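[1] Sequence first, then the predicted structure:
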Amino acid sequence: MEEIALDIKGQGTLRATEIISDLRIVAETLYGPMKMVGFWDYQKDMHLCPHMERRQDCPHTLKKDDPGFVSYTTTLERERHCNLAVSFPHAEITLYLS
C-alpha cells in the first residue's frame, strides 16, 4: 500500500479542519477518481470496520501478539482493494482510498 502524508502547518492561530468529511473531500480531490473505503481516527480511537459492519468481532484492536489480530490495512487491501493511505498528522487521521 502506498502511503502519503499531508501535514498542514500554520504560523498563526488558525487551524486546518480535523473533520473527517472535510479531509475526505481533500483526499478524494487530490487522488480522484479514488474513493475513501476506510479511515482510522487515532484521537478518538475509532475506525470504519468491515468486520463490525458484518456484526463480527473486530480483530484490529487486539494486541499485535494475539493470534486473532489482523491489521486494518491488510483487511482493507483484501476486502476493499485499498491501495492508498493518506494521513493527516495535524488531525491524527488516516484515510484509506481505493
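    Arrived safely, thanks for sending. Numbers count the residues shown, from 1 in each chain.
[2] where does the protein dip in pLDDT?
    Within the chain, no stretch has pLDDT under 70.
[3] in it, which spans are strands?
    Along the chain, counting by DSSP state E, strands occupy 2-5, 36-41, 46-47, 84-88, 93-97.
[4] What's the separation between the closest residue to Leu48 other than its chain neighbours and Pro67?
    Ranked by C-beta to C-beta, 6 or more residues apart in numbering and with sequence neighbours excluded, the top spatial neighbour of Leu48 is Gly38, at 4.7 Å. C-betas here are computed from N, CA, C, even on glycine. Separation of Gly38 from Pro67 (C-beta to C-beta, to the nearest Å): 23 Å.
[5] now Lys35
    33 Å.
[6] ok, now which ones touch the residue nearest to Leu48?
    Going by C-beta atoms under 8 Å, 6 or more residues apart in numbering, Gly38 touches 47-48, 50, 72, 76, 80, 82, 95-96.
[7] make it 10 Å
    By C-beta atoms under 10 Å, 6 or more residues apart in numbering, the contact list for Gly38 reads 47-50, 72-73, 75-76, 79-80, 82, 85, 94-98.
[8] likewise Leu30?
    Leu30 sits in contact with 4, 6, 86, 97, where contact means C-beta under 10 Å, 6+ apart.
[9] Who wins on neighbours among those?
    Leu97 (26 neighbours; other C-beta atoms under 10 Å).
[10] how far does stretch 29-37 sit from the chain's center?
    13 Å (C-alpha atoms, centre = their mean, to the nearest Å).
[11] can you pull the buried residues of that stretch?
    31, 34, 36-37 (16 or more other C-beta atoms under 10 Å).
[12] so can I have TSV of those residues showing distance to Arg55?
    Below are the buried residues of stretch 29-37 laid out as TSV (distance: C-beta to C-beta, whole Å):
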residue	distance to Arg55
Tyr31	31
Met34	28
Met36	22
Val37	19
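[13] nearest to Gln56, of those residues?
    Closest approach between these and Gln56, by C-beta to C-beta: Val37, at 17.7 Å.
[14] The closest one and Val86 touch, don't they?
    No - contact criterion C-beta atoms under 10 Å: Val37 and Val86 do not qualify, at 11.6 Å.
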